[in-house]
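[1] mind looking at a prediction? Sequence and model below.
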Protein chains: 2
Amino acid sequence: MPRNKGIVLASRPQGEANASNFRLIENEIGEPGEGQVLVKHHYLSLDPYMRGRMDESKSYAASQNLNEVMIGGTVGEVVASKNPNFKVGDHVVGSGGWQLYQLSDGRGLQKIDTRRVPIQAYVGPVGMPGVTAWYGVNKVITPKKGETVVVSAATGAVGSVVGQLAKAKGARAVGIAGGRDKCKYATDELGYDVCVDHRAPDFAETLKAALPNGVDGLFENVGGQPFSLTMRRLNAFARIAICGLIASYAGKEKSSLEDLRVLLVNRARIEGFIVSDHLDIWPEALKELVELAATGKLKWKETIAQGLEAAPEAFFGMLKGKNFGKQLVKLI
Amino acid sequence: MPRNKGIVLASRPQGEANASNFRLIENEIGEPGEGQVLVKHHYLSLDPYMRGRMDESKSYAASQNLNEVMIGGTVGEVVASKNPNFKVGDHVVGSGGWQLYQLSDGRGLQKIDTRRVPIQAYVGPVGMPGVTAWYGVNKVITPKKGETVVVSAATGAVGSVVGQLAKAKGARAVGIAGGRDKCKYATDELGYDVCVDHRAPDFAETLKAALPNGVDGLFENVGGQPFSLTMRRLNAFARIAICGLIASYAGKEKSSLEDLRVLLVNRARIEGFIVSDHLDIWPEALKELVELAATGKLKWKETIAQGLEAAPEAFFGMLKGKNFGKQLVKLI
């Protein structure tokens, strides 16, 4: 039997999360019992929502329990099975958590086809982040040809898909990202019409100049000052999808809507959403995303940390925008 | 020919509107030309949206021009007609403005049946305010049986209809109003389950106690502190209709959403709307409202100022909540 390693939540963060909030554990992983399957993880996905789960305060999902393996999306392969639905060698995506192996009864595991897209994409553009982007674009923002859609964290796992889907609908896609390299990638590779660097000293002016026709749709992943500035350029009947507010997760900076009149004057709509509330749209979304990814019409970038022990630092970095594209941890 | 009197916008308010912003004028009103109709106004409607029109800044509609008769909904009777669609004695509703007479080509005038509901109700519960309530309830909040719907300015022209429509859908209706008398009327006559006096010193605690099951829908007419406190009680998938923000119209108090995480955590939706954007729903809404009003199932209250000259003071009072129910000016 393989020896398993995992990372548990050791304590809840006060403000920013740090290494003391995590603890590495080792344990024996049993053989699969009747109906069970043993999965060896290839990649762990690191996602901003995890920061919310670390807090005790009300989030959109139950808190992560202390001293239990951190929640997380995983892709891997079946290495032992006593479940008729899975056989050794099957590739699967699931929520295996921050650990090397997972013993599962098969619920929550989905078999995936890794011949057309690489395995780790199933926790990226053809997984939860991709479906999140798809939902926000197709069910909240519904961009029309010629409209302007702004995307924060424009090159991230979610944002990079948002921009490409918005472009495919004929919208003008304006990205906001941190740093010149990300902005160059956004326009050169992802197809954004323009990308504005929120770390540049002239950010406010550049953003304004990038929005000569105002804002019809906003896919918000970050919050904070870029959000406030974008909201000043709203057009009538604008739609704002609130997917994440990573700038506020450490509790230092609140993301506010300073004057609600902007919603009244523009008859605008703001909607917070969590993709796991909308399981009905996953098959349609994934079908479309896999097709786009397999045919080269959907691009993405990955930042890969090596080894489970590197997960906490990679996670802290992601919360500060140090990742470039989808943040993964390679476990094999 | 009758001599007409009107009130024009003399200057734009700096902060609160006051008497110096208006000026009374008198003029000859001509005889109707070919295709025209002369309407003698019985009632002028005073509504919060007018305050927004007085500003030059971007509002949801064009600014009121200086030195022109103030915009306003009116009901009256045709006293001379050279338009085949109208005959002397017809009762009509229209946007005749703050004046005694209106010369019209008939566009924007609707004939109304005053046998089942009184004429002034056509600028109240069976007019624009009623349709506003209907839209917010049926198209934004869509209350379900057992849900809790909060209504600010609960006894006002719009709010009083919101509460009754929400109750009719099986929701628990919680009103917020200014003063004990309004709150008593809200529960005793309009059917609110509870009404909280936002002027009472224990408002915050009383509001919290009135919302043991949280908030599923909010119809917001006011903004300010009552809005902020209500937003703290949101349930998952709450819907917030922003109809008005009268607390902010003088520019003193901004209505803010302090922490956007409330939308994300609760997957909530906030939507600003203006009923004039949705002309398609007016016939359905009015049919339902007239039926309810004519059969005694829809109640309302009026505050009536006498004479055109009383309009400015009545308007200032309404912006401060001094009216009780629909604010009208009787012009005959």
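    Good, I have the coordinates. Numbering: from 1, shown residues only, chains lettered A, B, ... in the order given.

[2] who in chain A is up against chain B?
    A:58-60, A:223, A:227, A:242-245, A:248, A:254-261, A:263-274, A:277 (C-beta under 8 Å from any C-beta of the partner chain). For every residue, glycine as well, the C-beta is placed using N, CA and C.

[3] which among these end up buried?
    Buried residues within the residues of chain A next to chain B, counting neighbours by 16 or more other C-beta atoms under 10 Å in any protein chain shown: A:59-60, A:223, A:227, A:242-245, A:248, A:255-257, A:259-261, A:263-274.

[4] got phi/psi on residue A:8?
    phi -110, psi 160 (degrees, to the nearest 10).

[5] for residue A:110, same thing?
    Main-chain torsions, residue A:110, degrees, to the nearest 10: phi -120, psi 130.

[6] who's the residue nearest to it when sequence neighbours are not counted bridged to?
    Nearest residue to residue A:110 in three dimensions, chain neighbours excluded: residue A:93, at 5.2 Å (C-beta to C-beta, 6 or more residues apart in numbering or on different chains). Counting by DSSP bridges, residue A:93 is bridged to residue A:75, residue A:110.

[7] what about the helix or strand hosting residue A:287, distance to the chain center?
    Element membership for residue A:287, per DSSP states H and E: helix A:282-294. Chain-centre distance of helix A:282-294: 16 Å, with C-alpha atoms, centre = their mean, to the nearest Å.

[8] narrow the residues of chain A next to chain B to those in strands?
    A:242, A:269-272 (DSSP state E).

[9] and of those, the nearest to residue B:47?
    residue A:269 (23.3 Å; C-beta to C-beta).

[10] helices of chain A, start to end?
    Here chain A has its helices, by DSSP state H, at A:49-54, A:128-135, A:159-168, A:180-188, A:203-209, A:224-231, A:261-265, A:282-294, A:311-319.

[11] can you put those helices in JSON lines and add mean pLDDT?
    Below are the helices of chain A laid out as JSON lines (pLDDT from 0 to 100):
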{"stretch": "helix A:49-54", "mean pLDDT": "93"}
{"stretch": "helix A:128-135", "mean pLDDT": "98"}
{"stretch": "helix A:159-168", "mean pLDDT": "98"}
{"stretch": "helix A:180-188", "mean pLDDT": "97"}
{"stretch": "helix A:203-209", "mean pLDDT": "98"}
{"stretch": "helix A:224-231", "mean pLDDT": "95"}
{"stretch": "helix A:261-265", "mean pLDDT": "93"}
{"stretch": "helix A:282-294", "mean pLDDT": "97"}
{"stretch": "helix A:311-319", "mean pLDDT": "97"}
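
[12] ok, what's across the strand from residue A:306?
    Under the criterion used (DSSP bridges), residue A:306 bridges to residue A:330.

[13] that one and residue A:262, how far apart?
    45 Å (C-beta to C-beta, to the nearest Å).

[14] residue A:239 too?
    13 Å.

[15] I'd guessed residue A:278 sits against residue A:135; true?
    Yes. At 5.7 Å, residue A:278 counts as touching residue A:135 under the criterion of C-beta atoms under 8 Å.

[16] comparing the two, which residue is more hemmed in?
    More neighbours surround residue A:135 than the other of residue A:278 and residue A:135, with 21 against 16 (other C-beta atoms under 10 Å in any protein chain shown).

[17] surely the more buried one and residue A:275 touch.
    Yes. Using C-beta under 8 Å, residue A:135 is in contact with residue A:275, at 5.3 Å.

[18] what residues are up against the closest residue to residue A:275 other than its chain neighbours?
    In space, not counting the residues next to it along the chain, residue A:275 is nearest to residue A:132; the distance is 4.3 Å by C-beta to C-beta, 6+ apart. By C-beta atoms under 8 Å, 6 or more residues apart in numbering or on different chains, residue A:132 lies in contact with A:158, A:243, A:275.

[19] from those residues, pick the one nearest chain B.
    Closest approach to chain B among the contacts of residue A:132 (C-beta to the nearest C-beta): residue A:243, at 7.9 Å.

[20] so who does residue A:286 touch?
    Contacts of residue A:286 by C-beta under 8 Å, 6+ apart are A:126, A:130-131.

[21] do residue A:95 as well
    Neighbouring residues of residue A:95 by C-beta under 8 Å, 6+ apart: A:71-74, A:108.

[22] and stretch A:276-286, end to end?
    In stretch A:276-286, first residue to last residue: 14 Å (C-alpha to C-alpha, to the nearest Å).

[23] surely residue A:112 is in contact with residue A:74?
    No. Residue A:112 lies out of contact with residue A:74 (C-beta under 8 Å); the separation is 11.5 Å.

[24] could you name every residue contacting both of the two?
    Shared contacts of residue A:112 and residue A:74 (C-beta under 8 Å, 6+ apart): residue A:93.

[25] which non-adjacent residue is nearest residue A:271?
    residue B:269 (4.4 Å).

[26] wait, doesn't the one you found sit right on residue A:242?
    No. Judged on C-beta under 8 Å, residue B:269 makes no contact with residue A:242 at a distance of 9.7 Å.

[27] which residues do those two both contact?
    Common neighbours of residue B:269 and residue A:242, counting by C-beta under 8 Å, 6+ apart, are A:270-272, B:263.

[28] what sits opposite the closest residue to chain B within the stretch 101-250 of chain A in the beta ladder?
    Scanning the stretch 101-250 of chain A for proximity to chain B using C-beta to the nearest C-beta identifies residue A:242 as nearest, at 5.2 Å. Beta-bridge partners for residue A:242, by DSSP bridges, are residue A:220, residue A:272.

[29] quick revisit: quickly list what's touching both of residue A:239 and residue A:262.
    Residues touching both residue A:239 and residue A:262 (C-beta under 8 Å, 6+ apart) are residue A:268.

[30] of these two, which one has the most company?
    Shown here are residue A:239 and residue A:262; by other C-beta under 10 Å, residue A:239 has more neighbours (22 against 19).

[31] next, the contact list for the more buried one, please.
    Counting by C-beta under 8 Å, 6+ apart, residue A:239 has contacts A:140-142, A:216-218, A:268-269, A:271.

[32] residue A:106 too?
    By C-beta under 8 Å, 6+ apart, residue A:106 lies in contact with A:35-37, A:83, A:85-86.

[33] now it: closest residue in space, sequence neighbours ignored.
    residue A:83 (4.7 Å).

[34] what is the neighbour count of that neighbour?
    Around residue A:83 there are 19 residues (other C-beta under 10 Å).

[35] no more questions from me, cheers.
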